[in-house]
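**Q** show me how the following folds:
(one chain, ligands or ions: 2)
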Amino acid sequence: MAANRKKNEQQYLLDAIDAFNRRIVIISPEYKILAANDTAMKDNPPDLIGRPCHEALLGRSRPCANCPAGEVMRTGKSSLRYDHWDNSKDSEETLCLFSYPIYKGDEVEALVMLDFDLPALKNMEEKRLQSNAFLRNLLNSAVDAVIASDLTGRILIFNEAAEQIVGYTVGEAMNEITIRDVYPGDGAREVMRMLMSEEYGGVGKLKGYHINGKRKDGELIPISLNASIVYDANGNKVATIGFFHDRRDEIRIQKELENTQVQLLQAEKMASLGKMAAGVAHQLNNPLSGIILYTKLVMDEYDLPEEATADLTRVLEDAERAKETVKELLEFARQTDQEMKPQDINEIISRTIFLLEDQSIFHNIKIEKSLADNLPYISGDAQQLNHVFMNIILNGADALEGKGVLSIKTWYEAQKSAVCIEIADTGSGIPDDVLPHIFEPFYTTKEQGRGTGLGLSMVYGILESHGGTIRAESKVDEGTTFHIELPGMEQTRRDEKIG
Ligand SMILES: Nc1ncnc2c1ncn2[C@@H]1O[C@H](COP(=O)(O)OP(=O)(O)OP(=O)(O)O)[C@@H](O)[C@H]1O
Ligand SMILES: [Mg+2]
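**A** Ligands and ions are numbered 1, 2, ... in the order given. Next comes the predicted model:
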């Protein structure tokens with residue numbers, strides 16, 4: 001009990017309580033009214049004292065469920081209640097009650113109940129709700145996931161981005177899990193350890209830490225975490241807050257870049273292989289010429305038995321065929337800068353087919369050629385044009401999966417002065433959503449290792465540098481047709497030239 005007060009001091013205090021324009025009621029732990037100030041007495045029945053407060057003030061038979069006095073008795077501490085209160089007189093009204101205990105020794109002897117100025121509190125509450133809503137909107141509009149937890153790991157803040165990444169709803173996060181469920185294993189403790197250390201962005205801070213988060217369904221997601229410790233006004237640690245984002249896209253893009261690098265290396269390797277092939281072809285050329293020359297000499301100079309002549313004829317034929325292949329290889333693989341010369345497109349197409357048709361993939365593919373014989377020359381680089389037809393024909397063979405018809409047609413379109421080439425297959429066709437992308441570099445629908453996706457982009461680039469165009473038409477399950485146009489060299493119509 002307070003210090004000894006003089007009589008007049010006590011009187012002042014009593015007068016002050018009576019003059020106070022809020023109702024003050026003192027009740028026993030059994031809810032009986034022990035005393036009430038003038039304001040409380042004014043609005044209520046005169047026989048207030050001694051009656052249960054719920055009955056005298058609210059006309060109820062039992063204590064109200066949300067009476068703050070109940071909590072004061074349970075906890076021994078003050079309590080504030082702000083609630084809708086069913087008032088028997090005025091139907092429903094909003095009441096704000098503050099209650100605190102008066103101790104005698106260790107026991108609560110009585111409780112003070114005090115009501116508040118409602119409009120003021122209502123304002124405060126509205127402002128509090130508004131600022132809470134503002135904070136919630138702020139957190140929810142954040143791109144990063146935000147999770148705050150108290151020092152026991154209980155989650156205090158969990159925004160929408162966190163819901164998306166971790167897969168729990170806000171309600172589940174707040175009530176059913178702790179921060180230890182979000183960082184699997186020893187993750188939460190590890191984060192705390194780093195937060196306490198100097199090394200990771202200063203004490204209380206952690207920047208760009210890569211760790212796994214665990215989704216509700218158990219999936220682990222790589223995340224990048226910025227975290228800090230939240231201190232109260234006295235410098236005590238009260239919570240930790242983490243801002244993080246999902247790194248899966250970042251990792252995917254990085255992987256794609258690495259793959260692209262591998263593919264570029266592959267393309268370089270292919271170019272070197274081309275050079276090597278050309279080198280080997282060159283080396284074979286001379287000995288093959290020797291074989292042909294000396295076989296012919298032997299056949300001419302000696303009177304050989306018939307059988308020997310037949311055998312040597314076979315040697316000669318095979319050597320000549322080998323020389324032809326070497327010549328094609330040299331022509332095709334020659335790694336030179338673009339060398340523009342008048343070219344007969346039919347010859348280039350025939351040469352490409354010659355190189356390809358013996359490959360096993362073409363064994364059950366019927367190649368139909370319909371090459372117009374009055375074509376003008378076009379100005380082009382033979383090796384690059386070989387490349388164009390090689391790529392398109394190989395794509396066609398892939399789409400045919402070894403079986404079907406591949407047709408190649410050439411003609412001249414006088415109006416456009418263009419040499420036109422059409423290469424069609426009866427293969428799988430190209431779906432509408434794939435078709436717009438087929439000329440993009442590295443675009444492939446083939447499994448890894450089977451296609452680099454460079455073929456058609458090279459084709460496109462080569463034709464462009466020749467002043468030509470290419471477009472594709474396709475129907476799924478029916479086949480694909482590539483249309484190519486190249487400017488003809490007007491002065492070189494073959495019929496004129498030949499004629
Ligand atoms: N004749 C065709 N029939 C069906 N799809 C085709 C045809 N030609 C091209 N495509 C599609 O276009 C994609 C790109 O072709 P492109 O030649 O650029 O690359 P790729 O063949 O996949 O790989 P590579 O670099 O080895 O040529 C192919 O993956 C395929 O999906
Ligand atoms: Mg290809």
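**Q** ok, now how distant is the closest residue to Ala239 other than its chain neighbours from Tyr377?
**A** Among residues not flanking Ala239 along the chain, Val230 sits closest, at 4.2 Å (Cβ to Cβ, 6 or more residues apart in numbering). All C-beta spots, glycine's among them, are computed from the backbone N, C-alpha and C. In this view, Val230 and Tyr377 are 79 Å apart by Cβ to Cβ, to the nearest Å.
**Q** surely Ala40 is in contact with Ile26?
**A** No: at 9.6 Å, Ala40 and Ile26 do not qualify as touching, with contact defined as Cβ atoms under 8 Å.
**Q** which one of these two is surrounded by more residues?
**A** Set Ala40 next to Ile26 and count neighbours by other Cβ atoms under 10 Å: Ala40 wins out with 24 against 21.
**Q** of Val230 and Tyr377, who's got more company?
**A** Using other Cβ under 10 Å, the more surrounded residue of Val230 and Tyr377 is Tyr377, with 20 against 16.
**Q** just checking, the more buried one touches Gly488?
**A** Yes: at 7.3 Å, Tyr377 counts as touching Gly488 under the criterion of Cβ under 8 Å.
**Q** what helices or strands is the helix or strand harbouring Asn391 leaning on?
**A** Element membership for Asn391, per DSSP states H and E: helix 382-400. In terms of contacts (3 or more Cβ pairs under 8 Å, 6 or more residues apart in numbering; DSSP states H and E), helix 382-400 is packed against helix 306-333, strand 341-343, helix 345-356, strand 404-413, strand 418-425, helix 455-465, strand 479-493.
**Q** okay, the ones you listed, which one's buried deepest?
**A** strand 418-425 (a mean of 22; mean count of other Cβ atoms under 10 Å).
**Q** any residue of that strand touching ligand 2?
**A** No: shown here: strand 418-425 not in contact with ligand 2 (Cβ under 5 Å from the ion), separated by at least 12.5 Å.
**Q** before we move on, what about stretch 440-451?
**A** No: judged by Cβ under 5 Å from the ion, stretch 440-451 and ligand 2 are separated, with a smallest distance of 5.7 Å.
**Q** could you give the mean pLDDT of that stretch?
**A** For stretch 440-451, mean pLDDT is 78.
**Q** give me the residue from the protein nearest ligand 2.
**A** For the chain and ligand 2, the shortest gap (Cβ to the ion) falls at Gly455, measuring 2.8 Å.
**Q** which ones are touching that residue?
**A** Listed by Cβ atoms under 8 Å, 6 or more residues apart in numbering, the contact partners of Gly455 are 391, 394-395.
**Q** now narrow those to whatever sits close to ligand 1.
**A** Near ligand 1, judged by Cβ under 6 Å from any ligand atom, the entries from those are 391, 395.
**Q** for Pro342, give its distance to Gln384.
**A** Applying Cβ to Cβ to Pro342 and Gln384 gives a distance of 15 Å.
**Q** ok, Lys104 next?
**A** On the measure of Cβ to Cβ, Lys104 and Gln384 end up 104 Å apart.
**Q** the two: who's more crowded?
**A** Taking other Cβ under 10 Å, Lys104 and Gln384 do not tie; Gln384 has more neighbours (20 against 9).
**Q** check what pLDDT the residue lying closest to the more buried one once chain neighbours are set aside gets.
**A** Once flanking residues are discounted, Gln384 sits nearest to Ile462: 4.7 Å by Cβ to Cβ, 6+ apart. We note a pLDDT of 85 for Ile462 in this prediction.
**Q** how near is Ile462 to ligand 1?
**A** For Ile462, the distance to ligand 1 (Cβ to the nearest ligand atom, to the nearest Å) stands at 12 Å.
**Q** so who does that residue touch?
**A** Applying Cβ under 8 Å, 6+ apart to Ile462 gives the contacts 381, 384-385, 387-388.
**Q** count of neighbours near Leu195?
**A** The local packing of Leu195 (other Cβ under 10 Å) involves 21 other residues.
**Q** so what does it have for phi and psi?
**A** phi -60, psi -30 (degrees, to the nearest 10).
**Q** got the contact list for stretch 431-441?
**A** Defining contact as Cβ under 8 Å, 6+ apart, one finds that stretch 431-441 is touched by 430, 443, 445, 453-454, 456-457, 459-460, 470, 472, 474, 476.
**Q** residue contacts, the residue sitting furthest away from the middle of the chain?
**A** Distance from the centre of the chain peaks at Asp303, with 79.6 Å (Cα atoms, centre = their mean). Contact analysis of Asp303 by Cβ under 8 Å, 6+ apart lists nothing.
**Q** hmm, Ile147 and Leu139 touching each other?
**A** No: contact status for Leu139 versus Ile147: not in contact, 10.1 Å apart, counting by Cβ under 8 Å.
**Q** between these two, who's got more neighbours?
**A** Using other Cβ under 10 Å, the more surrounded residue of Leu139 and Ile147 is Ile147, with 25 against 18.
**Q** ok, that one to Met196 distance?
**A** Distance of Ile147 to Met196, given as Cβ to Cβ: 19 Å.
**Q** the spatially most central residue of the chain and Ile147: what is the separation?
**A** Centroid-nearest residue in the chain, with Cα atoms, centre = their mean: Asp249, separated by 3.5 Å. Using Cβ to Cβ, Asp249 is found at 20 Å from Ile147.
**Q** same check, this time on Asn44
**A** Separation of Asn44 from Ile147 (Cβ to Cβ) stands at 50 Å.
**Q** Met113 too?
**A** Going from Met113 to Ile147 by Cβ to Cβ gives 40 Å.
**Q** coming back round to it: who touches both of Ala40 and Ile26?
**A** Counting by Cβ under 8 Å, 6+ apart, nothing touches both Ala40 and Ile26.
**Q** who does the lengthiest helix in the chain touch, helix- and strand-wise?
**A** Longest helix in the chain, counting residues (DSSP state H): helix 248-301. For helix 248-301, the packing partners by 3+ Cβ pairs under 8 Å, 6+ apart come out as strand 220-231, helix 306-333.
**Q** as CSV, the ones you listed with distance to ligand 1 would be great.
**A** As requested, the helices and strands packed on helix 248-301 are exported to CSV (distance: least, Cβ to the nearest ligand atom, whole Å):
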stretch, distance to ligand 1
strand 220-231, 30
helix 306-333, 16
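**Q** helix or strand with the lowest mean pLDDT in the chain?
**A** helix 494-498 (a mean of 46; mean pLDDT, DSSP states H and E).
**Q** Ile241 is nearest to which of the helices and strands packed on helix 382-400?
**A** helix 455-465 (48.1 Å; Cβ to Cβ).
**Q** what strands flank the next helix-or-strand element following the closest one, and is each parallel or antiparallel?
**A** Downstream of helix 455-465, the next assigned helix or strand under DSSP H and E is strand 469-475. Paired strands of strand 469-475, with direction, are strand 479-493 (antiparallel) (DSSP bridges).
**Q** what about the partner strand and ligand 2, any contact?
**A** No: Strand 479-493 lies out of reach of ligand 2 by Cβ under 5 Å from the ion, never closer than 11.6 Å.
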